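Peer 1: Provided below are the primary sequence and the corresponding predicted coordinates.
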Amino acid sequence: MQTELKYSPTMRALHWLVVLAVSIAVVAIEIMDFFPKGSAERAALFIVHQTAGLSVLALMVLRLLARVATQAPPPVPGTPLVQLAARLTHGALYALMVGMPVLGLLALAWGGKPIQPFGLNLPLALTQDKTLAHWSKEIHESGATLVYIAVGLHAAAALWHEFILKDRLLRRML
Ligand code: HEM
Ligand code: HEM
């Protein structure tokens, strides 16, 4: 009997934990704007954003280690163009999931603002720099659009495989 090719249990767990943490970070920051500036709700939601965002970074470090330590299943058959699109999207997702939290951290540190995952005060002693703070925040905010596009394409491709191609690709990650 042939065993179904799957990602390792660690890779599968980390994939869905990252999805959960990114979703919390995005929902928290998107609903923050419904509350007035200076309100307690806004401050709490921003702490949730930072906590979930920094959890993404920690999970991604583990994920990259797991990726090199374990064997990923070979790509499913597809035209070279589709294979390339999948590789590029996965690469973009890895880069965004590491880059976004780092830029968010730098925006706060260069802006001289507190970094408060879990409500704690994370010391990151960088010399204040308004220009660098401005640009890291700008790139972080534009990066969010790229996250929406890359995750949207990626999830749509996974669902296409599941419901149209019916090639059991989704099961490799479940
Ligand atoms: C994968 C992780 C993250 C994602 C997907 C993400 C996504 C976002 C999004 C969608 C916004 C709103 C953009 C807009 O209003 O145009 C935002 C704003 C922001 N994020 Fe993140 N973020 C992440 C991690 C972090 C982390 C770890 C920090 C800091 C520790 C951080 C700090 C900020 C800051 C300072 C803003 C601007 C808030 C404001 O002044 O309105 N982010 N982020
Ligand atoms: C924040 C959201 C997501 C991120 C950052 C993400 C990231 C990734 C990355 C980087 C890979 C490549 C793994 C590797 O080869 O090392 C991957 C694979 C995969 N993801 Fe996601 N993913 C997300 C959401 C989703 C969703 C919503 C679904 C399902 C609807 C999904 C289904 C899959 C599947 C089936 C694979 C395996 C693809 C294959 O075997 O070629 N992902 N994901």
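Peer 2: Nice, thanks for sending it over. Ligands and ions are numbered 1, 2, ... in the order given.
Peer 1: residue contacts, Ser8?
Peer 2: 66, 70-71 (C-beta atoms under 8 Å, 6 or more residues apart in numbering). Where you see a C-beta, it was placed from the backbone N, CA and C, and this is true even at glycine.
Peer 1: for PyMOL, write a command that selects the buried ones of those.
Peer 2: Listed next is the PyMOL selection for buried residues among these, using 16 or more other C-beta atoms under 10 Å:
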select buried, resi 66
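Peer 1: distance to Leu93 and secondary structure for the contacts of Ser8 - can I get that in a markdown table?
Peer 2: Shown next, in a markdown table, are these (distance: C-beta to C-beta, whole Å; DSSP: H, G, I helix; E, B strand; the rest coil):
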| residue | distance to Leu93 | secondary structure |
| --- | --- | --- |
| Ala66 | 15 | helix |
| Thr70 | 18 | coil |
| Gln71 | 20 | coil |
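Peer 1: from the contacts of Ser8, which is closest to ligand 2?
Peer 2: Among the contacts of Ser8, Ala66 lies closest to ligand 2 (C-beta to the nearest ligand atom), at 8.7 Å.
Peer 1: excluding its backbone neighbours, what's nearest the closest one?
Peer 2: Using C-beta to C-beta, 6 or more residues apart in numbering and skipping residues adjacent in sequence, the residue nearest Ala66 is Thr10, 4.7 Å away.
Peer 1: low pLDDT regions in this protein?
Peer 2: Scanning the chain for pLDDT under 70 picks out 1-4.
Peer 1: can you tell me the SS state at Leu64?
Peer 2: helix (DSSP: H, G, I helix; E, B strand; the rest coil).
Peer 1: mind listing what the residue nearest the centre of the chain touches?
Peer 2: Central residue of the chain (C-alpha atoms, centre = their mean): Met97, 3.5 Å from the mean position. Met97 makes contacts with 18, 22, 56-57, 60, as judged by C-beta under 8 Å, 6+ apart.
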